[in-house]
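**Student:** sequence plus predicted model, see below.
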Amino acid sequence: MNEPENRSALADKEAIRDLIYTYCRAVDRLDIPLGHSVWHDDGYADYGVDYYQGPGKAVIDRVCANHGALLSHAHQVANILIRLDGDKAGSESYVDGTMRCERAGQIMHISVWARYCDAWEWRSGRWGLTHREVVFDHEEARPVMPPVRRKSGARDTSDPSYRFLASPA
């Protein structure tokens with residue numbers, strides 16, 4: 001799949017979809033190199049004037065730094081629409097981000113419903129993100145009483161998912 005003439009629409013859409021999921025995994029696991037891999041070097045991120053506007057790879061650094069203080073964090077992505085136009089593509093993905101933090105001794109649950117509106121390009125044998133605009137549709141924060149603590153994942157590469165997703169030897 002290194003040359004454009006050998007690509008198919010289905011394979012291109014799946015590659016872009018995988019990058020959208022990879023972005024979510026990267027910020028949930030605070031895996032900065034993985035997050036950087038989604039972007040082309042000249043990519044631009046617009047998460048709103050109050051949060052971040054600037055180089056795409058640098059938004060990964062910002063999100064991971066901010067979310068490192070959270071108790072937990074998870075993205076779920078749905079309704080991914082992808083439109084291809086040769087070596088360019090556009091996509092819209094619905095995102096549900098849930099987070100937990102502690103404020104003044106109280107556990108808070110934060111929910112964000114947003115959409116990633118993305119521009120993609122095929123360059124040097126791979127798809128990469130060139131522009132992301134995040135549209136925030138709804139946000140809320142509320143106090144919660146968590147149930148009994150269960151085994152939790154790690155917010156880094158020690159999370160069990162890395163072991164299960166590793167390449168077979």
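**Tutor:** Cool, the structure landed.

**Student:** hang on, R83 in a helix?
**Tutor:** No: per DSSP: H, G, I helix; E, B strand; the rest coil, R83 lies outside any helix segment and is strand.

**Student:** correct me if wrong: it contacts S91.
**Tutor:** Yes: using C-beta atoms under 8 Å, R83 is in contact with S91, at 7.4 Å. For the C-beta atoms, the positions are set from N, CA and C on the backbone; glycine is no exception.

**Student:** neighbour-wise, which of the two wins?
**Tutor:** Remark: of R83 and S91, S91 carries more neighbours, 22 against 11, as counted by other C-beta atoms under 10 Å.

**Student:** name the residues of whichever strand or helix holds that one that are buried.
**Tutor:** Following DSSP states H and E, one finds S91 within strand 88-103. Neighbour-count burial for strand 88-103, counted by 16 or more other C-beta atoms under 10 Å, picks out A89, S91, S93, Y94, V95, G97, M99, C101.

**Student:** mind checking pLDDT for R155?
**Tutor:** Confidence at R155, expressed as pLDDT, is 77.

**Student:** fine by me, we can end here.
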